[in-house]
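> Structure here, sequence nowhere to be found:
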């Protein structure tokens, strides 16, 4: 189960999704940063938050992608993924989200690769597919710009 929490509701909705629903992954979860103890818990329990930056801006969670607390989540060790939320409505695909976050949040290639690896790891894909994705991420990281 991957409940939606921590987009319109605050950190308490993320905590409730984990405590009450037993969620081991949160769709959105961006507002977990409102509770440092919750961020520590998400990191310790390796509960990923599937972030949707464009959606967060369009829906008023933050005025701009650069003002989303993505850096705080990464620095706290919370596993995150980057996702497109309703591509037809918001107009962005996953690659657009990576590019937007890279530029607005000043993420390094290593940080982007970590996010991409997390996405592969929590995808539910077979092990062979996850390994293939990791090899592709590693090849991208090793390629000259």
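In hand now; what should we look at? Small disclaimer: the values here were computed from a predicted structure and weren't measured.
> Could you pull up the mean pLDDT of the top helix by length along the chain?
Longest helix of the chain, by residue count under DSSP state H: helix 127-142. For helix 127-142, mean pLDDT is 97.
> In that helix, which residues are buried?
For helix 127-142, the neighbour count (16 or more other CB atoms under 10 Å) marks 130, 133, 137 as buried. Where you see a C-beta, it was placed from the backbone N, CA and C, and this is true even at glycine.
> of all those residues, which comes closest to residue 116?
Proximity of the buried residues of helix 127-142 to residue 116 (CB to CB) peaks at residue 137, which lies at 4.9 Å.
> I am assuming the closest one contacts residue 114, so please confirm or correct that.
No: judged on CB atoms under 8 Å, residue 137 makes no contact with residue 114 at a distance of 9.1 Å.
> what bits of the protein have low per-residue confidence?
For the chain, applying pLDDT under 70 flags the ranges 86-92.
> How about the contacts made by the closest residue to residue 109 other than its chain neighbours?
Spatially, and ignoring its direct neighbours in sequence, residue 109 is nearest to residue 141 (5.8 Å; CB to CB, 6 or more residues apart in numbering). Applying CB atoms under 8 Å, 6 or more residues apart in numbering, we find residue 141 in contact with 109-110, 113.
> Break down the chain into its strands, ranges please.
Listed in chain order, the strands of the chain (DSSP state E) span 4-5, 26-28, 49-51, 80-82.
> Can you select the buried ones among the contacts of residue 141 for me in PyMOL?
To isolate the buried members of the contacts of residue 141 in PyMOL, using 16+ other CB under 10 Å:
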select buried, resi 113
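> Burial check on residue 121, number of neighbours?
16 (other CB atoms under 10 Å).
> Near residue 44, how many other residues are there?
A count of nearby residues for residue 44, using other CB under 10 Å, gives 10.
> Against residue 25, how distant is residue 19?
Distance, residue 19 to residue 25, using CB to CB, to the nearest Å: 14 Å.
> try residue 129
Distance, residue 129 to residue 25, using CB to CB: 18 Å.
> just to revisit the earlier point, just the closest of the contacts of residue 141 to residue 49, please.
residue 113 (17.8 Å).
> quick one: that closest one from residue 135, how far?
Look at residue 113 and residue 135: by CB to CB, they are 12 Å apart.
> what does residue 118 give?
16 Å.
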